[in-house]
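> below are the sequence and a predicted model; questions follow.
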Amino acid sequence: MKIIDEVKDGLPSNAMISEVCFEGSDIVLYTKNKDMFKSNGNFIKKLVKKLKKRIELRPDPSIRKDIEIAKEKIEEIVPEEAGIEEITFQPGFGKVIIEALKPGLVIGKRGSTLDKIKKETVWKPQVKIAPAISSDVVDTVRKVLYQESEWRKDFLNDIGEKIHSEEIDKVDWARVSCLGGCREVGRSCFLLQTPHSRIMIDCGIKPGNNHEYPYLQVPEGEIKSLDAVVVSHPHLDHIGFVPYLYEYGYDGPLYLTPAARDLMVLLCLDYLDVAKREGNDVPYSSKSVEKAVKHSVALEYDQVSDITPDVGLTFQNAGHILGSALVHLHIGEGDHNLVYTGDYNFGESKLFNKASTNFQRIETLITESTYGENDAIQPSRKDAEKDLINYVKKTVDRGGKVLIPSFAVGRAQDIMCILDEEARNNNLDVPVYLEGMMWDATAIHTTYPEDLNEKLQQQIFHKDHNPFTSDIFHRVGSGEERDEIINSPDPAVVMSTSGMLTGGPVMEYLKEFGPDEDNSLIFVGYQAEGTMGRRIQKGWDEIPVERGGKRKRVELNLEVNTVDGLSGHSDRNQLINFLNALNSKPNKVLTVHGDENSCIQMARTVHNIFNIETIPIKNLETNRLK
Ligand SMILES: [Zn+2]
C-alpha cells in the first residue's frame, strides 16, 4: 500500500519499528526502541506534516513493563488527590487508560506527570475523567471495548486498509437518497453514494403505535454492501434502527461521538424492554446493540477522519442533546461538502453551547425543519426558565408535590441545572426525585463534561460544583422508595418518564398525585396528538387506571401547567439565524425532519431569503449533489 510505503520511507534507521498498522483513518507504529518511544521520535512530526494523517508511536509488547509493575508505578507517580478510580490496560493497542476524578492532576504541568508515566511504564497513557456518578451503561460499554481490544485492533486495521486501498483524485458524482425522515419526524435515514462509497447517515425508527422503519427494502437500502454508518445523535428516531443493521449482516464501522455511543446503549435497550413489556415485536435483540458497540468508531468533535477512499467525516457540536453532532462529509479532494444537521439548537441552553457554524465550505446543506412553519416561534429560554421556577415554587409553598414528566435524556438534565441553580441561590428548598432511567442518563452526562456548555464546564472543573451531584437530587431505585415519596406528607418534585404520559413510572405518580389540588403537573416538552399528555393539556380532568385488575377513574384536580421554550431544537428564527451565521453559504438546501407543512414552508422561506435552490425532498427521492 502506497501510504504504508511512504511511512516506511520516512523512518530513521534506528526506529526499530515492528509493526505499521491502521486504526481507522489513523496510522500507528509500534517500536522496539525504548528511547525512541519515550522521546516520541521527531520523525513522527515530519511524517504527519508530509502525509497529513494522524500518526502515533506506541510501544512494542517486548519493551512494555509488566502490567502489575506498570500499575504500581502509575499509582506511585500520580498524586493521591487526583482520585484514580480505574486503571485499564489495553494490550492490543499498547495503551493504558487512567480514569481519575481530577484528570488534570494525572496530566500534570504541561503534561509532565503523563510523560513520566509513559517513560517509566513504557505504555502509552491516556487519561479520562472518572464519571461523577457511576453508570452501568458506561461500565458495560467500556468493558466491551476493552475486552475486545485484540479483535478491534484487526477490525480498525481492516477499515484503514479499505480507506487507503485507492488513491482518488477527483470524484465525478455524488448523490443522496432519502430512506426516511422526509416530510415527517421519525425514522431518519439517508444514503450518500459516490463512485467509491455507500454511506448511511442515521437509521432511526418512528416511534408511535405502529412502529415504522426506514425504507431499507429498496435496492439502495441493501445492508451488506454499506461501507460505513454515521449517526448524528442517539435519539431513537435517528439511531433506533442501527442495531437492526448488525442483526442482518452489516459488519462495518459505526461512526458517532463517544457520548452518543453510550446513550445508544441506554436508549436502544430501553426501547427493547418497553416493546417486550407491551407485547410488541422487536426488530432486533440486545446482542445486536452490543455488536453495534463493538463496531463503533467514536470520533470527538472537530476530529477529521477519512471513512472511505473518497469521503472524510467531521462532527461538530449541534447543541441538541449530549453527544449530538452536525455531520460534515467532505467528498473527494474538496469536490463537494455536504453538511447534514441532524437535530440542532442554535440557541444556548444551560446544558449546551449553541450549534457550531464553523464550516470552511458547504455546497449542500440538509437541515432539520421541526419548527420550520411560519409561526413556529418559541418563547425565550429565560422566560421559560422563570415560568418553570414559579410553577414549582407556587406548589411547594402550599405544601404540594410537583410532577414533571420528561424524556430521560436532555430535558431532564436541563431542568436539573435550572432547579439546582435556584437551590444554590437559596431560593428553593425541596428534594427532587429522579426515576431510574433518568438517573442513568444523568450519569452518562457526568461522564462527558467536556461536551457540556462552557459555563457549566467552568462550574464543574474550576468551582468544584457539579449540578448533577447536588444533594437536592435523589435516585428512585425501587417500588418501596416510590411509595415512600408518594406517602410522605412533605412537598417534593418528581421527574419521571415517559415525557408524554404514554406509560412508565410517571403514571404511578400521576394517579396518586392527581386528586389533590395542592399538587401540580408541569409539562416541559411537546405533547404529541393522541397521547395522554395532550389530552390532559386539552382539559381532561380524569384518567382511567387499573387497580387490582379493575378499571377505575382517577380525578385530576391538580394544577396543570405547560412550559414552552425549553426545546432542544431551533425554532424558526433560529433555523434562519443558523443559515445566516454559516461561514460558507450552501448553494443548495434540502429541508427534512418536520411534518409536510414545516418542510415546505421552511424550503420556501430559505429560498426567499437566500435566493438559493431549496427542496422539501420526499422519502424515496434521490438528489444528485454533484
Ligand atoms: Zn433528536
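That came in fine, so what should we check first? Residues are numbered from 1 along each chain as shown.

> and stretch 173-192, average pLDDT?
Taken as a whole, stretch 173-192 carries a mean pLDDT of 96.

> likewise stretch 3-16?
Throughout stretch 3-16, pLDDT has a mean value of 87.

> the closest residue to the ion within the stretch 151-300 of the chain and residue 206, how far apart?
Minimum separation of the stretch 151-300 of the chain from the ion (Cβ to the ion) falls at residue 235, amounting to 3.5 Å. All C-beta atoms are positioned from the backbone trio N, CA, C, and that covers glycine. Distance from residue 235 to residue 206, counting by Cβ to Cβ, to the nearest Å: 12 Å.

> pick out whichever of these two has more residues nearby.
A direct count of neighbours by other Cβ atoms under 10 Å for residue 235 and residue 206 places residue 235 higher, at 27 against 20.

> the more buried one contacts residue 266, doesn't it?
No - Residue 235 is beyond contact range of residue 266, at 11.6 Å (criterion: Cβ atoms under 8 Å).

> overlap in contacts, the two.
The contact sets of residue 235 and residue 266 overlap at residue 409 (Cβ atoms under 8 Å, 6 or more residues apart in numbering).

> which bits of the stretch 301-450 of the chain sit near the ion?
Taking Cβ under 5 Å from the ion, the part of the stretch 301-450 of the chain that reaches the ion is made up of residue 343.

> in contact with residue 178, which residues?
If you count contacts by Cβ under 8 Å, 6+ apart, residue 178 has them with 189, 190, 592, 617, 618, 619, 620, 621, 622, 623.

> does residue 468 really touch residue 416, like I thought?
Yes - using Cβ under 8 Å, residue 468 makes contact with residue 416 at a distance of 6.3 Å.

> contact partners for residue 450?
Counting by Cβ under 8 Å, 6+ apart, residue 450 makes contact with 129, 457.

> if I've got this straight, it is in a helix?
Yes - under DSSP: H, G, I helix; E, B strand; the rest coil, residue 450 falls within a helix.

> would you map the strands across the stretch 501-626 of the chain?
520-523, 542-547, 550-555, 559-562, 588-592, 613-615, 622-624 (DSSP state E, counting those that start in this stretch).

> nope, the stretch 201-350 of the chain is what I was after
Ranges of strands within the stretch 201-350 of the chain are 228-230, 254-256, 296-298, 305-308, 311-317, 325-331, 336-340, based on DSSP E, counting those that start in this stretch.

> give me the mean pLDDT for stretch 286-304.
Rounded mean pLDDT across stretch 286-304 is 97.

> distance between it and the chain's centre?
Computed by Cα atoms, centre = their mean, to the nearest Å, the chain-centroid distance of stretch 286-304 equals 11 Å.

> ditto for stretch 544-560
Per Cα atoms, centre = their mean, the displacement of stretch 544-560 from the mean C-alpha position of its chain is 37 Å.

> between its first and last residues, how far does it reach?
Taking Cα to Cα, to the nearest Å, stretch 544-560 runs 17 Å from one end to the other.

> in it, what counts as buried?
For stretch 544-560, burial by neighbour count (16 or more other Cβ atoms under 10 Å) applies to 545, 554, 556, 558, 559.

> low-confidence stretches in this protein?
Applying pLDDT under 70 to the chain flags the ranges 41, 208-210.

> in the longest helix along it, what's buried?
For the chain, the longest helix by residue count, based on DSSP state H, is helix 258-277. By neighbour count with 16+ other Cβ under 10 Å, helix 258-277 contains the buried residues 258-272, 274.

> same check, this time on stretch 423-436
So stretch 423-436, judged by 16+ other Cβ under 10 Å, has buried residues 423, 428, 430, 432, 433, 434, 435, 436.

> again, but for stretch 185-200
Within stretch 185-200, the residues that count as buried by 16+ other Cβ under 10 Å are 185-194, 196-200.

> that stretch: how far from the chain's middle?
19 Å.

> and the gap between the closest residue to the ion within the stretch 1-150 of the chain and residue 272?
Nearest residue of the stretch 1-150 of the chain to the ion, counting by Cβ to the ion: residue 137, 18.7 Å away. Separation of residue 137 from residue 272 (Cβ to Cβ) stands at 14 Å.

> what of residue 480?
With distances taken as Cβ to Cβ, residue 480 is found 26 Å from residue 272.

> equivalent analysis for residue 71, please.
Going from residue 71 to residue 272 by Cβ to Cβ gives 37 Å.

> residue 545 now?
Residue 545 is 26 Å from residue 272, by Cβ to Cβ.

> also residue 319?
For residue 319, the distance to residue 272 (Cβ to Cβ) stands at 29 Å.

> what does residue 371 give?
Separation of residue 371 from residue 272 (Cβ to Cβ) stands at 31 Å.

> get me the contact residues on the stretch 101-250 of the chain for the ion.
Where the stretch 101-250 of the chain comes near the ion, counting by Cβ under 5 Å from the ion, the residues are residue 235.

> tell me where the stretch 101-250 of the chain has helices.
With helices called from DSSP state H, counting those that start in this stretch, the stretch 101-250 of the chain shows them at 103-107, 112-121, 136-147, 149-163, 236-239, 242-247.

> which one of these lies nearest to residue 77?
When the helices of the stretch 101-250 of the chain are compared by Cβ to Cβ, helix 112-121 sits nearest residue 77, at 5.4 Å.

> and that closest one, what's buried?
So, applying 16+ other Cβ under 10 Å, buried residues of helix 112-121: 113, 114, 116, 117, 118, 120, 121.

> ok, residue 515 touching residue 554?
Yes - under the criterion of Cβ under 8 Å, residue 515 makes contact with residue 554 at 6.5 Å.

> out of the contacts of residue 178, the closest to the ion would be?
Using Cβ to the ion, residue 592 comes nearest to the ion of the contacts of residue 178, at 12.7 Å.

> check contacts around that closest one.
178, 181, 182, 183, 188, 366, 367, 368, 369, 599, 617 are the contacts of residue 592 under Cβ under 8 Å, 6+ apart.

> sort out for me which of these are in strands.
178, 366, 367, 368 (DSSP state E).

> so which of the residues you listed is the closest to residue 280?
Checking the ones in strands among the contacts of residue 592 one by one against residue 280 (Cβ to Cβ), the nearest turns out to be residue 178, at 26.2 Å.

> distance of that closest one from residue 624?
Taken as Cβ to Cβ, the span from residue 178 to residue 624 is 13 Å.

> and if you look at residue 434?
The gap separating residue 434 from residue 624 is 48 Å, by Cβ to Cβ.

> ok, residue 539 next?
50 Å.

> how about residue 49?
Taking Cβ to Cβ as the measure, residue 49 and residue 624 are separated by 37 Å.

> likewise for residue 218?
17 Å.

> also residue 318?
Going from residue 318 to residue 624 by Cβ to Cβ gives 26 Å.

> these two: which is more packed in?
The neighbour comparison of residue 318 against residue 624 (other Cβ under 10 Å) goes to residue 318, with 29 against 9.

> re the thing from before, what is in contact with residue 468 and residue 416 at once?
The overlap between the contact sets of residue 468 and residue 416 (Cβ under 8 Å, 6+ apart) consists of residue 442.
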